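Colleague: Need a 3D model of the following:
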Amino acid sequence: MKTTLTDDTELWERLRVGDHFALGELFDRYADDVRAFAFRRTASWSTADDVVQSTFLSTWRRFQRNPPGPLTASSARGWLLVVAGNECRALARTAARLRNVLTRLPDPAPDDDHAPDVARRLDDERQMSAIRRAVAELPRHERETLELVVWSGLTTAEAADALGVPVGTVKARLHRTRRRFPDLLTRVALNEELS
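Modeller: Got it, this is the predicted structure:
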């Protein structure tokens, strides 16, 4: 569904006064975008689903505690994707702590893979992991710009607004990233072949 400034502005204002139905409408509009963004950040569909949940829960809590100002962008999508990026980082820290705990436990018995969907999801995650390793070599500001514009389809103006930088900065970051990224992918692929 294509949204307009009026639609998201109205939902934003309803959220600012505590209307939980407005959050549901934002969820209906942008949950798929947040899920795709989170998958690209984490290379895991299950983690992406967790990020969707935590993004909208965090958004609701933020509007309850200290509502942000009026919506200045053409949609709430960029704002939600920045929140999703923060949630991805928080989940990564939690996962690292969990891995540290699990290393002290005995290995579980392997399960049989009897669902074709599981194999497809694993292939998706393996491919996205290789891409994430290449993306991780980019500076954070270039990585965030790539994720918002290239992966999530925000315009340069929407990304600039979401990141709080001028449009020219977003364009410059994209130009540098596009020049460097093919070399990063090649280097990651070569490292995987050698290991």
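Colleague: which residues in this structure form helices?
Modeller: Using DSSP state H, the helices assigned to the chain run over residues 5-16, 20-42, 45-65, 77-102, 116-136, 140-146, 156-163, 167-194.
Colleague: Let me have those helices in CSV, extended by distance to L71.
Modeller: Quick note: C-beta positions are derived from backbone N, CA and C, even for glycine. Output for the helices of the chain, formatted as CSV (distance: least, CB to CB, whole Å):
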stretch, distance to L71
helix 5-16, 4
helix 20-42, 11
helix 45-65, 12
helix 77-102, 8
helix 116-136, 29
helix 140-146, 20
helix 156-163, 10
helix 167-194, 18
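Colleague: winner for burial among those?
Modeller: helix 156-163 (a mean of 21; mean count of other CB atoms under 10 Å).
Colleague: Which residues are in contact with the nearest residue in space to L11 that is not next to it in sequence?
Modeller: Of all residues not flanking L11 in the chain, A22 sits nearest, at 4.5 Å (CB to CB, 6 or more residues apart in numbering). Residues in contact with A22 (CB atoms under 8 Å, 6 or more residues apart in numbering) are L11, W12, R14, L15.
Colleague: same deal with D8?
Modeller: D8 is in contact with L26, R29, L71, S74, S75, A76, counting by CB under 8 Å, 6+ apart.
Colleague: which of those sit farthest apart?
Modeller: L26 and S74 (14.3 Å; CB to CB).
Colleague: Where do the domain boundaries of this structure fall?
Modeller: 1-108, 116-195 (automatic domain parsing).
Colleague: Redo the ones you listed as TSV? Include mean pLDDT.
Modeller: Listed next are those as TSV, based on pLDDT from 0 to 100:
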stretch	mean pLDDT
domain 1-108	88
domain 116-195	82
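Colleague: so how far is A84 from G78?
Modeller: Going from G78 to A84 by CB to CB, to the nearest Å gives 10 Å.
Colleague: Same check on F39?
Modeller: F39 is 11 Å from A84, by CB to CB.
Colleague: returning to that earlier point: kindly indicate which of the contacts of A22 lies nearest L174.
Modeller: Closest to L174, out of all of those and judged by CB to CB, is W12, at 27.1 Å.
Colleague: give the contact list for the closest one.
Modeller: W12 neighbours (CB under 8 Å, 6+ apart): A22, P70, L71, A76.
Colleague: Next: R173.
Modeller: By CB under 8 Å, 6+ apart, the contact set of R173 is H141, E142, T145, L146.
Colleague: let's go with 10 Å and repeat that
Modeller: Going by CB atoms under 10 Å, 6 or more residues apart in numbering, R173 touches 138-139, 141-146, 149, 156, 159-160, 163, 165.
Colleague: Would you mind measuring from V149 to A159?
Modeller: 5 Å.
Colleague: Can you pull the residues that touch both of the two?
Modeller: Shared contacts of V149 and A159, counting by CB under 10 Å, 6+ apart, come down to V170, K171, R173, L174.
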